[in-house]
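S.K.: I need the structure of the sequence given here:
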Amino acid sequence: DGSSAVIEHMPVSIAVRSTEQGSVLFINPKPSDDFTSSVQWHREGNNMIWSKFTPEQLRIAAVFSAKTVIPKSEQDRLTRALDKVASIIPVHADLELTNAMNSFDGDPRPVFLISQTGDVFAVACMVEPHLALAPVEAGIGRTDVITKIDNVPIRISRDLRLEKELARETVERLSDFDTFASAANQWEIEGYASMLEMLAVLRDLGKSVSVKWKKGKAFRVGRRVTGSDCKITVNQKNDWFDIAGDISIDAEKEIPLITILEQRTLAKGRFVPVGDDLFIELTEELNRQLDALECSAKLMKDSARVSRIGFAGLDGFFESANVTKGKKLVAEILASFAAAAAYSAPIPSGCQAKLRPYQEDGFRWLASRAQASMGTCLADDMGLGKTVQIIALLLHRAQVGPALVVVPTSLGRNWIAECERFAPSLSCVLYGEDDRVSSIENAQANTMLIVSYGLLVSDRERFTKRNWATLVCDEAQAFKNSATLRAQALAELNADIRIAATGTPVENHLSELWSIFNIINPGLLGSAEQFRKRFALPVEQHGDREASHRLRRIISPFVLRRTKSEVLDELPSKTEIVLPVELSADERILYESIRKETLDALGETDSKLDAKQRFSILAQLMKLRRSCCGRGLVIDAPDDVPSKTTAVLEKIAELQENGHRALVFSQFVDHLSILKSHCDTAKIPYQYLDGSTPSAARDKAVRAFQSGEGTLFLISLKAGGTGLNLTGADYVFHMDPWWNP
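M.R.: Numbers count the residues shown, from 1 in each chain. The predicted model follows:
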């Protein structure tokens, strides 16, 4: 009928029950009427019960085919008869048997019977009054059982009340498994992990319970292993450290640490197989510590290889483990981390910016990590001043050596302007404007060399020959793909400390995070393939929250992220950010042709311009402004993707990722139309308003945006620049600022 059934074996027995009329005898289970079949089946609910009768048992069953009542006057004869058949069929009786046979007190302790089918385990809490008897339900049945051992009759007396009490106390200890309960004192455990959890609880109950396997390959959980059971050695090999050793699993046996790490990967939990039928249980603390070691290590043949930075999350492991070699080396590294964490750098005297409190915290965080040579990722929300915090750090480290700042092409000039404004004592050089070779060779202390990602790739050999005191990678999402040339060029650079700045460390896939960390802290997250197996696949495909938490624990010391909502009280009412955009080659050609055309039309004249000429110049200036917004606003270029649109879409994606909403203004409706088309393609939800929008539709769009519908509100400056009360956004984009600010 589609339902599942459990098949169980029931031993044959004679039951004797005392009544006022006398003793009632019956065979349990009752065989079929023909008394010829040795294997008998019957059904109890969803369970199929089978019993095997010997020929002698079948002959006895034929005598007691129905319930037989023996008068009280025949008690002695009954006792003698039961004595004779006890060696053939066990007898369960609730009357006093007075013959001189040996008597034993039954064992009242619970016994757990386990049957395995695939990865499902049926568990029943029973009692086994004597080894000569089959397990029975606790507290149910007859107080006296007669059987024979080596043809000698014995009587086993059960304490039904005690059996029931001990079973109740034991089952209460298993309350964590209530969701698996299938009946009273029975469970249907799904999966090896849950079964191991139950076996660990039963192990902790010690000799007060026993465990027996009826079906399946038996396994057990051994002792609980702590950090103090680990004996490890640490050997330095250049910039890497090999951690090896053994873990004691009992008084006489040790397992190599690397074997435990490899088995943990397969077991995916704190229960680790160390033999055909034995698992050890790692304490929660040791399991977390080995997690941190495994996740930041490359597993070699005999050791786990980690970088110096990888020690940052292993202090607990080294403190609890017995380090037999390399103890001084480990202590020095951990001490340097502790000193760095306690380090509070003063704001550099040359910093001309008034840092807000959260920016001071950010600077000191960067400085403390730099003190321990840790790579960092400053991931503050857009607009919170990542640049000024990093410039303060560059001032702090100015005397250590030259700094290299790698930026998108459009931001080079912005970094120069910010540096001149906030750190005039720093010598800032934009690579490519002067002699390229000398600008690298002459970089020294108090120098900041700024280079675009493109020029870094083309001149990578020049940059890799120098050692840089500080490497800064702005807009780190630019190298989120580790296979790109820019990511490979960054990985080849020699730098004492490395800083990545980005508002969105992860835009699409966790592999982007690995790419960033491969630059700032090489080796911390293992190889790309290890990272994919340990984190990317479990988190992205299976929603593994534990893997996500493990990754967060590993990277948290190296990532600082504040959102606008967290520091709202420290922010001014408005922050203005200028986003420079570099024209593409085609856009620059169009711009120059319009400019030249205008100059040619004016001719060479020193006379005062007349009204017509002034109007013509104004019209051409407008044409130049429109060409900067996109060639399609000036000429027929249907497939053109304007540089401005690309830049704005990148920022919009960053805002979306961080849960922000924005108003987007343009004075040109056709400029808005270009952005609108790209939003449709990218499936970015928006509201829209220009001069042709009917009044009712206008009000509807405003209400919709205010109620949370849409990430963006695209608005033409003339139609929506005044008279609208829009408070549903926390960012505003002016794609082409008006003539008069």
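S.K.: element containing the closest residue to residue 544 other than its chain neighbours, please.
M.R.: In space, and not counting its chain neighbours, residue 544 is closest to residue 538: 3.6 Å by C-beta to C-beta, 6 or more residues apart in numbering. For glycine as for every other residue, the C-beta is placed from the backbone atoms N, C-alpha and C. Assigned by DSSP states H and E, residue 538 belongs to helix 537-542.
S.K.: try residue 727
M.R.: Here residue 727 is assigned to no helix or strand, by DSSP H and E.
S.K.: helices of the stretch 201-350 of the chain, start to end?
M.R.: Secondary structure of the stretch 201-350 of the chain (DSSP state H, counting those that start in this stretch): helices located at 257-267, 284-295, 315-320, 327-342.
S.K.: should've said the stretch 51-200 of the chain
M.R.: Here the stretch 51-200 of the chain has its helices, by DSSP H, counting those that start in this stretch, at 55-63, 75-85, 160-172, 192-204.
S.K.: may I have the shortest one as PDB, with CA atoms only?
M.R.: Looking back up the chat, that one is helix 55-63. This file holds the C-alpha atoms of helix 55-63, laid out as PDB (Å, rounded to 0.1, in the frame of the first residue of the first chain):
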ATOM      1  CA  PRO A  55      10.000 -29.400  15.400                       C
ATOM      2  CA  GLU A  56       9.900 -29.900  19.200                       C
ATOM      3  CA  GLN A  57       8.400 -26.400  19.700                       C
ATOM      4  CA  LEU A  58       5.800 -27.100  17.000                       C
ATOM      5  CA  ARG A  59       4.700 -30.300  18.800                       C
ATOM      6  CA  ILE A  60       4.400 -28.400  22.100                       C
ATOM      7  CA  ALA A  61       2.500 -25.600  20.300                       C
ATOM      8  CA  ALA A  62       0.000 -28.200  18.900                       C
ATOM      9  CA  VAL A  63      -0.800 -29.100  22.500                       C
END
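S.K.: send the alpha carbons of whatever helix or strand residue 654 lives in over as PDB?
M.R.: For residue 654, the element it lies in under DSSP H and E is helix 643-657. Output in PDB follows, covering the C-alpha atoms of helix 643-657 (Å, rounded to 0.1, in the frame of the first residue of the first chain):
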ATOM      1  CA  SER A 643      31.100  55.300 -20.300                       C
ATOM      2  CA  LYS A 644      28.900  57.300 -17.900                       C
ATOM      3  CA  THR A 645      26.200  54.700 -18.000                       C
ATOM      4  CA  THR A 646      28.700  51.900 -17.300                       C
ATOM      5  CA  ALA A 647      30.100  53.900 -14.300                       C
ATOM      6  CA  VAL A 648      26.600  54.700 -12.900                       C
ATOM      7  CA  LEU A 649      25.400  51.100 -13.300                       C
ATOM      8  CA  GLU A 650      28.500  49.800 -11.400                       C
ATOM      9  CA  LYS A 651      27.600  52.100  -8.500                       C
ATOM     10  CA  ILE A 652      23.900  51.200  -8.700                       C
ATOM     11  CA  ALA A 653      24.900  47.500  -8.400                       C
ATOM     12  CA  GLU A 654      27.000  48.300  -5.300                       C
ATOM     13  CA  LEU A 655      24.000  50.200  -3.800                       C
ATOM     14  CA  GLN A 656      21.700  47.300  -4.600                       C
ATOM     15  CA  GLU A 657      24.100  44.800  -3.000                       C
END
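S.K.: can you get me a residue count around the spatially closest residue to residue 304 that is not a sequence neighbour?
M.R.: Nearest residue to residue 304, sequence neighbours excluded (C-beta to C-beta, 6+ apart): residue 297, at 3.9 Å. With neighbours defined by other C-beta atoms under 10 Å, the count for residue 297 comes to 26.
S.K.: what sits against residue 297?
M.R.: Counting by C-beta atoms under 8 Å, 6 or more residues apart in numbering, residue 297 touches 243, 261, 304-306, 310, 526.
S.K.: likewise residue 436?
M.R.: Neighbouring residues of residue 436 by C-beta under 8 Å, 6+ apart: 459, 462.
S.K.: for it, give me phi and psi.
M.R.: phi -70, psi -40 (degrees, to the nearest 10).
S.K.: coming back round to it: which helices and strands does the helix holding residue 538 pack with?
M.R.: helix 545-555 (3 or more C-beta pairs under 8 Å, 6 or more residues apart in numbering; DSSP states H and E).
S.K.: following element in sequence after the helix it packs on, please.
M.R.: Next helix or strand after helix 545-555 toward the C-terminus (DSSP H and E): strand 559-560.
S.K.: given that next one, what are its sheet partners and their directions?
M.R.: Paired with strand 559-560 in the same sheet, following DSSP bridges, are strand 376-378 (parallel).
S.K.: who does the following helix or strand past the strand it pairs with touch, helix- and strand-wise?
M.R.: Downstream of strand 376-378, the next assigned helix or strand under DSSP H and E is helix 386-396. Where contact means 3+ C-beta pairs under 8 Å, 6+ apart, helix 386-396 is packed against helix 357-371, strand 376-378, helix 412-422, strand 467-474, strand 494-501.
S.K.: let's see that with 6 Å instead.
M.R.: For helix 386-396, the packing partners by 3 or more C-beta pairs under 6 Å, 6 or more residues apart in numbering; DSSP states H and E come out as helix 357-371, helix 412-422.
S.K.: for these, which one ends up most surrounded?
M.R.: Across the helices and strands packed on helix 386-396, averaging neighbours per residue (mean count of other C-beta atoms under 10 Å) puts helix 357-371 on top, at a mean of 20.
S.K.: what is the least confident helix or strand in this protein?
M.R.: None of the helices or strands of the chain scores lower by mean pLDDT, DSSP states H and E than strand 6-9, at a mean of 68.
S.K.: what lines up beside the following helix or strand past that strand in the sheet?
M.R.: Counting by DSSP H and E, the next helix or strand C-terminal to strand 6-9 is strand 13-18. Strand 13-18 pairs in its sheet with strand 22-28 (antiparallel), strand 91-93 (parallel), by DSSP bridges.
S.K.: now tabulate the ones you listed in JSON lines and tack on mean neighbour count, mean pLDDT and distance to residue 455.
M.R.: JSON lines is the format used below for the strands paired with strand 13-18 (neighbours: other C-beta atoms under 10 Å; pLDDT from 0 to 100; distance: least, C-beta to C-beta, whole Å):
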{"stretch": "strand 22-28", "mean neighbour count": "19", "mean pLDDT": "78", "distance to residue 455": "90"}
{"stretch": "strand 91-93", "mean neighbour count": "24", "mean pLDDT": "73", "distance to residue 455": "92"}
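S.K.: circling back: averaged pLDDT, the helix holding residue 654. What do you get?
M.R.: When pLDDT is averaged over helix 643-657, the result is 90.
S.K.: give me the residues contacting that helix.
M.R.: With C-beta atoms under 6 Å, 6 or more residues apart in numbering as the test, helix 643-657 has contacts from 382, 503-504, 581, 583-584, 629, 662, 674-675, 711, 731.
S.K.: show me where pLDDT drops low in the stretch 601-741 of the chain?
M.R.: Scanning the stretch 601-741 of the chain for pLDDT under 70 picks out the ranges 604-607, 722-723, 739-741.
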